[in-house]
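A.B. asks: return atomic coordinates for the entry below.
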Amino acid sequence: MDPILLYGFPMGSSMGLVAALEWFGRPYRLCRVDMLGEMLSPSYARINPRHETPALITDQGDVLTETMAIAAWLEARDAERRISFDPLSPQADRMHQLMAFVNTGFTGAFAPLWVAMEGVAMDDAMRSALREFGRRKVIERHDKLEGMIEPARFLLADRPTLADALLAGVARWLDFHAVADRSRWPKLAALRQQLEADPGVIYATAVESGSNDPGTGSCAGHTALADVIARYGKQA
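C.D. replies: Have a look, this model is predicted:
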């Protein structure tokens, strides 16, 4: 069977994994998950009891959660090294380092901003404090990543890799939360421009918005969330 990626919308970090699957070039399917509704339902816990996206139904029918685990699953099957490197090479070490940074501190820095936006039972003072704390953390993490970027079209090479995929899904949150102008970080701004012009990222963004863009043709279509839960979800 083709693997199925459950990706979240709106503005889900999992958008980057959709782009990675396009770069990977093997058949796959998608399952669209409304993070503000469907993902919070009790039935979704049969796929991921932590009520999060992304999740991957592997070609063996197993459920795999967590972004880094899904990326590792893809890397292990990337025999042609389209989105990764020889696992014993310095490039692979560098890719893993950047992936870990993006998936932990860089992504986590936005958490206070999401809480401030989504929190209902919260007074104005707390909301303002969260926003200011989040803004400072996001800027600090952007400063760090700017210093880590080396000369290349993408993070590691003249082609996008899994590290770029992870970044693509979350880098846009800077604009969404209006933290600062991207021009404050020239190297990162240039990288984002490259990613936003990439066909795989364009496709992933369009799909997230509900478009029927055919992409590279690797995607065999969408599977309804109810069907995925019924077939692959753990029984309560």
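
A.B. asks: show me where the protein has helices.
C.D. replies: According to DSSP state H, the chain carries its helices in the segments 15-24, 67-76, 90-101, 107-108, 111-118, 124-148, 162-171, 173-176, 186-196, 199-208, 225-232.

A.B. asks: touching the longest one from outside, list them.
C.D. replies: Yep, that's helix 124-148 we're talking about. For helix 124-148, the external contacting residues (Cβ atoms under 8 Å, 6 or more residues apart in numbering) are 98, 101-102, 105-106, 109-113, 115-116, 119, 173-174, 177, 179-180, 184-188. Every residue, glycine included, has its C-beta placed from N, CA and C.

A.B. asks: circling back to that earlier point, okay if I get the helices of the chain as a markdown table plus mean neighbour count?
C.D. replies: Listed next are the helices of the chain as a markdown table, based on neighbours: other Cβ atoms under 10 Å:
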| stretch | mean neighbour count |
| --- | --- |
| helix 15-24 | 27 |
| helix 67-76 | 19 |
| helix 90-101 | 17 |
| helix 107-108 | 16 |
| helix 111-118 | 16 |
| helix 124-148 | 15 |
| helix 162-171 | 28 |
| helix 173-176 | 17 |
| helix 186-196 | 16 |
| helix 199-208 | 20 |
| helix 225-232 | 16 |
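
A.B. asks: figure out which of these is closest to residue 47.
C.D. replies: For the helices of the chain, proximity to residue 47 was assessed by Cβ to Cβ; helix 225-232 is nearest, at 6.0 Å.

A.B. asks: kindly format the C-alpha coordinates of that closest one as PDB.
C.D. replies: Output of helix 225-232 as PDB, limited to C-alpha atoms (Å, rounded to 0.1, in the frame of the first residue of the first chain):
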ATOM      1  CA  LEU A 225     -10.000  10.900   8.000                       C
ATOM      2  CA  ALA A 226     -13.000   8.800   9.100                       C
ATOM      3  CA  ASP A 227     -11.800   6.000   6.800                       C
ATOM      4  CA  VAL A 228      -8.200   6.200   8.100                       C
ATOM      5  CA  ILE A 229      -9.400   6.100  11.700                       C
ATOM      6  CA  ALA A 230     -11.700   3.100  11.000                       C
ATOM      7  CA  ARG A 231      -9.100   1.100   9.200                       C
ATOM      8  CA  TYR A 232      -5.800   2.000  11.000                       C
END
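
A.B. asks: nearest residue to residue 64 other than its sequence neighbours?
C.D. replies: residue 56 (4.5 Å; Cβ to Cβ, 6 or more residues apart in numbering).

A.B. asks: now residue 183
C.D. replies: Excluding its sequence neighbours, the residue lying closest to residue 183 (Cβ to Cβ, 6+ apart) is residue 189, at 5.6 Å.

A.B. asks: roughly how far does the one you found sit from residue 128?
C.D. replies: Counting by Cβ to Cβ, to the nearest Å, the separation of residue 189 from residue 128 is 28 Å.

A.B. asks: and residue 119, by the same measure?
C.D. replies: Relative to residue 128, residue 119 is positioned 12 Å away (Cβ to Cβ).

A.B. asks: with residue 183 instead?
C.D. replies: Residue 183 is 26 Å from residue 128, where distance means Cβ to Cβ.

A.B. asks: do the same with residue 54
C.D. replies: 32 Å.

A.B. asks: what about this structure, any weak spots by pLDDT?
C.D. replies: The model of the chain has pLDDT under 70 over residues 236.

A.B. asks: at 90 what do you get?
C.D. replies: Low-confidence segments of the chain, defined by pLDDT under 90: 118-124, 151, 211-217, 235-236.
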